[in-house]
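Participant: just coords:
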């Protein structure tokens, strides 16, 4: 689906920047912040921002930021105005464009699985929340696995966030911890599995679902 959007909107960079702004209508971003959060090269970011400003979707605005000054005991944070951009609420097709961009799946199941598999031996991967247009979901991603490296997992999540244009809520457990939580009908696990979700990877013992159903029926 990202390839389709890229073809429609000119580039994957533009799609990611559009998602960032349309997911955060009240936010103000500097060019550097857009580049960092979208993982788009700074030169390309400036080009895309100028284009979006030209058509009236975003407008230039002063962003308030706390900036550190001084060193050692003299170090302090002061409020500073930085040049940035925000969504222009007066853009005539804002609602239609926002619904189109955000309601189309940001990445396919294989894309999500491929990124998270780099963090370790994933045994269970379930998605909910923004991935299935369920704003009431407690988290967006549930990962269960072994030999998981936190740094690699965070990196994979950041990559997905760059594509989504928003922060993702996720929870990660070892297989042992997940099975224990399943056995005591842990609230977080319950809030994911008892409500709309989609399982992308399932390499656990098939009996785990039976355990969950028994606990659910007893509650």
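Facilitator: Received, thanks. Nothing here was measured: the structure is a model prediction, and the numbers come from that model. Residues are numbered from 1 along each chain as shown.

Participant: only C-alpha atoms for contact and neighbour calcs from this point on.
Facilitator: Fine.

Participant: what domains does the record give for this structure?
Facilitator: 2-103, 109-218 (automatic domain parsing).

Participant: Look up how far residue 174 lies from residue 122.
Facilitator: 9 Å (CA to CA, to the nearest Å).

Participant: got TSV for the domains of the chain, with mean pLDDT too?
Facilitator: Below are the domains of the chain laid out as TSV (pLDDT from 0 to 100):
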stretch	mean pLDDT
domain 2-103	88
domain 109-218	89
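
Participant: what's near enough to touch residue 175?
Facilitator: The contact partners of residue 175, by CA atoms under 8 Å, 6 or more residues apart in numbering, come to 123, 144-146.

Participant: Residue 158 now?
Facilitator: Neighbours of residue 158 in contact, by CA under 8 Å, 6+ apart: none.

Participant: Does the nearest residue to residue 64 once chain neighbours are set aside lie in a helix or a strand, and which?
Facilitator: For residue 64, ignoring the flanking residues on the chain, the nearest one in space by CA to CA, 6 or more residues apart in numbering is residue 81 at 4.8 Å. Take DSSP states H and E as the rule and residue 81 turns out to sit in strand 76-87.

Participant: ok, residues contacting that strand?
Facilitator: 21-22, 25-31, 57-70.

Participant: redo that, cut-off 7 Å
Facilitator: 21, 25, 27-31, 57-70 (CA atoms under 7 Å, 6 or more residues apart in numbering).

Participant: which residues sit against whichever helix or strand comes after it?
Facilitator: Scanning forward in sequence from strand 76-87 by DSSP H and E, the next helix or strand is helix 94-103. Here helix 94-103 makes contact (CA under 7 Å, 6+ apart) with 19, 22.

Participant: 6 Å - rerun?
Facilitator: residue 22 (CA atoms under 6 Å, 6 or more residues apart in numbering).

Participant: List the buried residues for it?
Facilitator: For helix 94-103, the neighbour count (16 or more other CA atoms under 10 Å) marks 94, 98, 101-102 as buried.

Participant: elements contacting the next helix or strand after that helix?
Facilitator: Sequence-wise, the next helix or strand downstream of helix 94-103 (DSSP H and E) is helix 109-116. Applying 3 or more CA pairs under 6 Å, 6 or more residues apart in numbering; DSSP states H and E, one finds that helix 109-116 contacts no other helix or strand.

Participant: Please, which helix or strand holds residue 217?
Facilitator: Per DSSP H and E: helix 208-218 holds residue 217.

Participant: Mind listing what's buried along the longest helix along the chain?
Facilitator: Scanning the chain for the longest helix, with DSSP state H as the assignment, gives helix 150-164. Neighbour-count burial for helix 150-164, with 16+ other CA under 10 Å as criterion, is recorded at 152-153, 155-164.
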